[in-house]
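Visitor: Sequence first, predicted model second:
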Amino acid sequence: MGGETHLSVQELAASLGALPPEFVRSEQDQPGATTYRGAAVPDAPVIDMSEPGFGARMAAAAREWGLFQVVNHGVPSAAVAELQRVGRAFFALPTEEKERYAMDPASGKIEGYGTKLQRDLEGKKTWNDFFFHVVAPPEKVDHAVWPRSLAGYREANEEYCRHMQRLTRELFEHLSLGLGLHGSAMAEAFGGDGLVFLQKINFYPPCPQPELTLGVAPHTDMSTLTVLVPNEVQGLQVFKDGQWYEAKYVPDALIVHIGDQIEIFSNGAYKAVLHRTTVNKEKTRMSWPMFVEPPGELVVGPHPKLVTEESPAKYKAKKYKDYQHCKINKLPM
């Protein structure tokens with residue numbers, strides 16, 4: 001983007017009546033044709049973290065779905081509401097102001113405001129603008145890409161991140177125990193206090209033909225896990241047993257995605273969830289995913305106790321930054 005002005009999806013949505021062809025997905029990828037609408041649609045698990053035995057249910061969901069929603073998770077609703085408020089405020093800024101924070105991959109600036117991370121293999125665009133930056137650890141944070149003119153933006157993100165750090169430790173513990181490992185196994189394998197937390201805001205404006213396009217194309221997350229706050233507009237879809245299912249909106253729930261690094265660590269016992277996002281004709285959908293990543297230099301591979309003669313290693317151990325490079329550039333793993 002080079003810092004130059006580009007047409008955002010937000011601006012485009014305000015000025016057209018039909019979907020431009022570069023946003024129209026191929027037929028096998030169009031949500032209108034491929035979302036499962038049968039009689040018995042299974043729901044992704046919703047796990048109440050105040051109930052006994054919830055950790056075992058998390059582990060089962062990570063094996064079967066690669067995704068679950070948590071309620072009574074201990075993150076104050078006020079902290080979530082403030083994160084959402086400042087995110088909406090960012091996208092309400094004038095275009096010129098948002099452009100001050102534009103990504104510039106050519107110069108190595110990959111944090112900031114943008115319209116797409118990359119085109120997919122068919123050269124199609126997705127109906128999505130975004131803003132993202134690192135929130136922790138402190139030595140990796142660049143406050144220059146945080147919007148300085150928004151009252152409360154920094155405070156909201158830093159407070160929410162503290163809650164995410166606590167919740168992540170708890171999720172790691174129960175997912176480790178679910179593999180028959182020590183409760184600290186995942187936290188140790190993924191870098192402990194060096195874990196990187198990236199906050200993203202996805203903005204999906206109203207779309208004239210939502211059945212033909214996607215907000216985010218099908219993918220698994222590179223991270224260990226992702227914790228996502230949605231707004232009330234339905235949109236997240238999960239691929240399971242050969243079908244695309246909607247992950248229904250649950251008020252006050254946080255959505256947990258199992259990412260590639262946990263699948264690798266678990267030697268395939270837990271599944272990274274293949275997911276995509278649909279958009280709405282009348283309403284703006286927004287979401288706030290927090291990606292939890294190992295430090296780039298850290299080597300991640302299957303845990304030694306999960307590799308046996310009966311279950312040999314399914315994945316190569318490699319530095320997380322090398323894994324990222326291969327996945328982003330679609331190179332062999």
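Guide: Sure thing, it's come through.
Visitor: Need the nearest residue in space to Ala56, chain neighbours excluded.
Guide: Take Ala56 and drop its neighbours on the chain: the residue closest to it by C-beta to C-beta, 6 or more residues apart in numbering is Gly178, 6.6 Å away. Yep, even glycine has a C-beta here, placed from its N, CA and C like the rest.
Visitor: The one you found against Gly55, yeah?
Guide: Yes - using C-beta atoms under 8 Å, Gly178 is in contact with Gly55, at 6.6 Å.
Visitor: residues in contact with the residue nearest to Ala56?
Guide: Residues in contact with Gly178 (C-beta atoms under 8 Å, 6 or more residues apart in numbering) are 55-56, 58-60, 62.
Visitor: ok, it to Glu188 distance?
Guide: Noted for Gly178: a distance of 16 Å to Glu188, by C-beta to C-beta, to the nearest Å.
Visitor: And for Glu246?
Guide: 36 Å.
Visitor: Looking at the two, which one has more neighbours?
Guide: More crowded of Glu246 and Glu188, by other C-beta atoms under 10 Å: Glu246, with 18 against 13.
Visitor: Test my guess that that one contacts Lys240.
Guide: No - Glu246 is not in contact with Lys240 according to C-beta under 8 Å; the separation is 11.4 Å.
Visitor: Going by neighbour count, which of the contacts of Gly178 comes out on top?
Guide: Counting neighbours by other C-beta under 10 Å, Ala62 leads the contacts of Gly178 with 29 neighbours.
Visitor: does that residue belong to a helix or a strand, and which?
Guide: Secondary structure from DSSP states H and E places Ala62 in helix 54-64.
Visitor: same deal with Leu150?
Guide: Here Leu150, judged by DSSP H and E, is contained in no helix and no strand.
Visitor: List the contacts of the nearest residue to Met286 once chain neighbours are set aside.
Guide: What sits nearest to Met286 in space, not counting adjacent residues and going by C-beta to C-beta, 6+ apart, is Asn231, at 4.7 Å. With contacts taken as C-beta under 8 Å, 6+ apart, Asn231 has the following neighbours: 84, 284-287.
Visitor: does Tyr245 sit in a helix, a strand or a coil?
Guide: Following DSSP: H, G, I helix; E, B strand; the rest coil, the label given to Tyr245 is strand.
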